[in-house]
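1. Okay, predicted coordinates and the sequence, questions at the end:
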Amino acid sequence: MALSIPTTFVEFPKHLIAPLYEPRAEFPEFVDLAAELDRHLGFRNHFFRLNSRSPKDGPWPLLVPITCSGKQIIQVMACSERMMEDLFKFSNTDLQPVVCLRKQEFNLRPEVELRCFLKGGRLLAVAEYGHEPTFAAPHDADAAIREKVERYVLDVVGPHLPLDTVVVDVWCKHDGFGLIEINPFGLSDPVGAISYDAIEAGIPGIARHGSIAAAPSNRMAV
């Protein structure tokens, strides 16, 4: 059984990165890419992002990055500093940019998303992860919920992790947890101003919210 929400991956051709930076009214180079995105979208709404980050920085003309239009995805990419910055980085590496189309899950709300920070296979911290620059532990951040999150991330998701230092986003469902995504780029794009160094140093903000950061788990993701 798949752990994550169904996701389709569409390569973003590297030769299209430079034209996206040009101030033009029309971009005929993107017709084929828009058509390919449309084919995978199938006139159904999907959450979209690059394989690095999503356009959380005011993805005009959308309030949230969910659409059924390939053309609109390209428009939002051109308006998102986060995505344009990432595309520029991709253009200078051997890495391939990919547009990720995730099936819309209506029960997935920002307030039930959790961001889990792993380093060296240890679960360092769990934070609520909405789409605002805030950092807090789950509302019911007692020993029971932390243990359940840890067990899910290390025992269920852990065997599938390609890295032992990674950010894992999960969501709380009525019957447990679900995997949203595994994000190695989350290390360079922390929630708010929180970094791995700050987590390991036991910053007051994390301790105040009851995060497990002050007492990292010694269990290893295998």
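-> Yep, it's here. Numbering: from 1, shown residues only.

2. I'd like to know how many residues surround residue 63.
-> Residue crowding around residue 63 was assessed by other CB atoms under 10 Å; the count is 8. Where you see a C-beta, it was placed from the backbone N, CA and C, and this is true even at glycine.

3. I'd like to know how far residue 66 sits from residue 113.
-> 15 Å (CB to CB, to the nearest Å).

4. same deal with residue 31?
-> Distance from residue 31 to residue 113, by CB to CB: 35 Å.

5. and those two? which has more neighbours close in?
-> Just comparing residue 31 and residue 113: by other CB under 10 Å the higher neighbour count belongs to residue 113, 17 against 13.

6. what pairs with that one across the strands?
-> With DSSP bridges as the criterion, residue 113 is bridged to residue 171.

7. and this protein, what are its domains?
-> Taking automatic domain parsing as the criterion, the chain consists of the domains 7-103, 110-214.

8. Those domains: lowest mean pLDDT?
-> Across the domains of the chain, domain 110-214 has the smallest mean pLDDT, namely a mean of 67.

9. Can you show me the strands along the protein?
-> Secondary structure of the chain (DSSP state E): strands at 7-11, 46-50, 66-67, 98-103, 113-119, 122-128, 166-173, 176-183.

10. Which strands or helices does the first one pack on?
-> Helices and strands touching strand 7-11, as assessed by 3 or more CB pairs under 8 Å, 6 or more residues apart in numbering; DSSP states H and E, comprise helix 31-41, strand 98-103.
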